[in-house]
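A.B. asks: Below: sequence and its predicted model.
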Amino acid sequence: MAKNSRKQIDEDERRVVAELQKNANENIGEIAKKCGFSRQKAWRIIKRLEENKTIWGYRAIVSNDKTNMNNYVFLIKSKHLPIENPIEKKLISREIDKMAEEMDVFVEGTYWTHGHYDVMVNFSARNIREAKKFQEMYLNAFDDSIAEINLLEKIVIIKDGGFINPTLLKTKSLLKV
């Protein structure tokens, strides 16, 4: 029996990834069924994708009222710096995440961006006061590398991680925020 072509393998992987993105908590049998594969084939594809770091994590999306946390975003504009600059080194070393943990702040994502801002940080904190303390720590950690930092609070989460907020109708009205 001939081995699958690279093109077919890539297509099979894309189908499995698409199903995992819809719901990574789905059991392997359901993922296989939706892709038209055997359970064993789906499992082998997922394991291969995890080993080659195509899939590098899974995440639960939890309601803020259950965690007593609020969601925030930093938008950061750095000063003109050389390519190998202090911000890049500290972001890659995950120093900031360690400091955030000590402050009971959970950094959900850090992104180097192209556009008006250079860095975007998504995080959760107990309240705006704790978020501002984290902002101050962030500013201190990067010394003179930051030209501007804007703190935004996510008031109503409509969609996160590809999922519509199931409590959206029970949350604050978008018009009354």
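C.D. replies: Perfect, thanks for sending it. Quick caveat, the model's predicted, so the values are computed rather than measured.
A.B. asks: which SSE is I149 in?
C.D. replies: strand 146-154 (DSSP states H and E).
A.B. asks: any idea of the mean pLDDT for stretch 11-18?
C.D. replies: Stretch 11-18 carries an average pLDDT of 93.
A.B. asks: so how far is it from its chain's centroid?
C.D. replies: Its chain's average C-alpha position is 20 Å from that of stretch 11-18, according to Cα atoms, centre = their mean, to the nearest Å.
A.B. asks: And the average pLDDT for stretch 138-156 is what?
C.D. replies: Stretch 138-156 comes out at a mean pLDDT of 88.
A.B. asks: now do stretch 95-112
C.D. replies: Stretch 95-112 shows a mean pLDDT of 89.
A.B. asks: Which of the residues in it are classified as buried?
C.D. replies: Neighbour counts using 16 or more other Cβ atoms under 10 Å place 96, 99-100, 105, 107, 110 of stretch 95-112 among the buried residues. All C-beta spots, glycine's among them, are computed from the backbone N, C-alpha and C.
A.B. asks: Who are the packing partners of the top helix by length along the chain?
C.D. replies: Identified as the longest helix of the chain according to DSSP state H is helix 6-22. Judged by 3 or more Cβ pairs under 8 Å, 6 or more residues apart in numbering; DSSP states H and E, the packing partners of helix 6-22 are helix 28-35, helix 39-51.
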